[in-house]
Each structure stands twice: as C-alpha cells, then as structure tokens.
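**Student:** Build me a model:
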Amino acid sequence: MSRHTPLGSERTLTVRGMRFRVIESRADDATETIVLIHGIGMSHRYFARLHHVLARSVRVVSLDLPGFGGLPKPGHDITIEEMADAIGELVVAVSSRPVVLVGHSMGVQWAVETAVRHPARIARVVAIGPVVDDAHRSLGAQARALAVDTLGETPATNVIVSSDYVRCGPRWYLRQAAHMLRYPTEDRVGSLTVPLLVLRGAKDPIAGAAWCDRLVSSARDADIVAIPGRHHVVQRSAPDAVADSILEPTPGSRSG
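**Tutor:** Take a look at the predicted model:
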C-alpha cells in the first residue's frame, strides 16, 4: 500500500526478508529511471533536493535501505554483497528497464556491487563522494574526516545527518561500518562493465581528489566531475549542478 508524500508516492517492499522504503516521482513521459541510494546511517531525506530537481525530467526512485531511516533492522548481519543482491531484485520490481544507480558515500559501494553482480539491470553508476578513501581507512579516521566535513555543511544538513544517525543507532551503524571499511571499492570498480561517473564536492574531506582520480583510472569507462566549493553532501548543497552532471555527463570533465 502506498501513500503520497511531498516527494511522491511512498511504499515499502520486502525483498529477501528485508524491508525497503521506496519513494517514487514520475516525470511526464520519462523513459529513464534514476535510483538514489543513501550512505551509511542515512536515509532518503538528504537526497530530497536532488530528487526534486531530477524529477523534472526523469523518473526518480529514492530508497531507504533495511535498518536505516527508521526501518526494521534485519535479524542478521547483512554484507554488502547480500544488500546488493537485494537491491538488484528491487530495481526489477520498480523498473522494467535498466536503471541508473546513484550512490552517495557507502551507497556507492552498494551501487557498485549491484552493478557488478547484476549488470543487465543497471545502465550506469554515479558515485557521489565514494568511500573508503585510503587516507581514512579506519573508523577513527572516518570519524575525523566526517567531523571536518560538518564545518563546511549547512546547519540544516548537519541536523538531517545527525538525526538520521540517531535513528540508525550505533549497533547497526557499526556492523555496516565494518563492511564499509573492508570493501575493496577500487577493485570492484575495475570489475564494472557499465559506465561510471565519479562526482565529488571539490572541498570534500572524506572522498579526496587523488582517491577519486584513482577510482576513475581503475574503471573501464569512467568520467569525473568536481563541484566547486562544495563538501561531502554535495547532492544537498548543489542539487542543480549534481543533477546536470548526472543527466548530461561530460566525458573526462574535471572542475574545481
């Protein structure tokens, strides 16, 4: 059963025993579907501005993953591979055509793994602020980089981030963080058979420029875009610029 929200219709779907929240906006005559996947601890809420902008021209589906955004925690630990298989089934349920997967932060890992394991269901991947930069490959280093990033984000963004972390809770966050830190993003990017766009805020302290350049070099077909003056949650601070990059990616572009 679905209900109407400011972003569009909202419903929950159960895949492999896990509960997902699906928020969908359909642009008139849209043929492309973009699926937005949040990062660790988060929910669809920090994608709302980007969702609105994209929905002017394409069909947009924002997801809340199991255990996040107030959804029930799965009864057992969920690996990135298990989550990716569930997302792969979910995209078939929401679209009859291959979709564009847009992941932010740890959401990049889930998106990349989904595309590696289920390439026929994915048209391309957009990696916003991808983790884990090898300059921050420990929980403490990640926490320090996140603390630095809060200084560059708006108070409203920091409220969304902190309140979503509270809803997630420390136990589920730490379980997923262990997977995040171990996941070989650069190796799995090299296994992609679909195009990749790496997108970061030029002042992002979590996904550094050298790290993002290395991801692009590891992929078979990849471009990179940096949004000047923005930080890690660039999809909220610069939704129009991010949407433009997703909808009309410029090959090999580097800015900022």
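
**Student:** which residues of this structure fall in strands?
**Tutor:** 3-5, 8-15, 18-25, 33-37, 59-64, 99-104, 122-128, 196-201, 222-227 (DSSP state E).

**Student:** just how off-centre is the shortest one within its chain?
**Tutor:** If I follow you right, that is strand 3-5. In terms of Cα atoms, centre = their mean, to the nearest Å, the centre of strand 3-5 is set 23 Å apart from its chain centre.

**Student:** so what strands line up beside it?
**Tutor:** With DSSP bridges as the test, strand 3-5 is paired with strand 8-15 (antiparallel).

**Student:** And for the fifth one?
**Tutor:** Here strand 59-64 is paired, per DSSP bridges, with strand 18-25 (antiparallel), strand 33-37 (parallel).

**Student:** cool, the last one as well?
**Tutor:** Sheet pairing of strand 222-227 (DSSP bridges) gives strand 196-201 (parallel).

**Student:** about what we covered before: determine which stretch of the strands paired with strand 59-64 is the most buried.
**Tutor:** Highest mean neighbour count among the strands paired with strand 59-64 (mean count of other Cβ atoms under 10 Å): strand 33-37, with a mean of 26. All C-beta atoms are positioned from the backbone trio N, CA, C, and that covers glycine.

**Student:** Can you report how many residues neighbour the closest residue to residue 208 other than its chain neighbours?
**Tutor:** Distances taken as Cβ to Cβ, 6 or more residues apart in numbering put residue 133 closest to residue 208, at 5.1 Å, once the chain neighbours are dropped. Here the number of neighbours of residue 133 (other Cβ atoms under 10 Å) works out to 23.

**Student:** Sketch out the low-pLDDT regions of the stretch 1-150 of the chain for me.
**Tutor:** Residues of the stretch 1-150 of the chain meeting the criterion pLDDT under 70: 1, 28.

**Student:** now the helices: where do they sit in it?
**Tutor:** With helices called from DSSP state H, counting those that start in this stretch, the stretch 1-150 of the chain shows them at 48-54, 80-94, 106-117, 139-150.

**Student:** Would you mind giving those as JSON lines with mean neighbour count added?
**Tutor:** Output for these, formatted as JSON lines (neighbours: other Cβ atoms under 10 Å):
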{"stretch": "helix 48-54", "mean neighbour count": "21"}
{"stretch": "helix 80-94", "mean neighbour count": "19"}
{"stretch": "helix 106-117", "mean neighbour count": "26"}
{"stretch": "helix 139-150", "mean neighbour count": "15"}
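
**Student:** circling back: dump the strands of the chain to JSON lines, plus distance to residue 239.
**Tutor:** Supplementary listing: these in JSON lines, determined by distance: least, Cβ to Cβ, whole Å:
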{"stretch": "strand 3-5", "distance to residue 239": "18"}
{"stretch": "strand 8-15", "distance to residue 239": "16"}
{"stretch": "strand 18-25", "distance to residue 239": "14"}
{"stretch": "strand 33-37", "distance to residue 239": "11"}
{"stretch": "strand 59-64", "distance to residue 239": "12"}
{"stretch": "strand 99-104", "distance to residue 239": "12"}
{"stretch": "strand 122-128", "distance to residue 239": "11"}
{"stretch": "strand 196-201", "distance to residue 239": "12"}
{"stretch": "strand 222-227", "distance to residue 239": "10"}
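
**Student:** right, and these - which one's nearest residue 112?
**Tutor:** Set against residue 112 and scored by Cβ to Cβ, the strands of the chain come closest in strand 122-128, at 6.0 Å.
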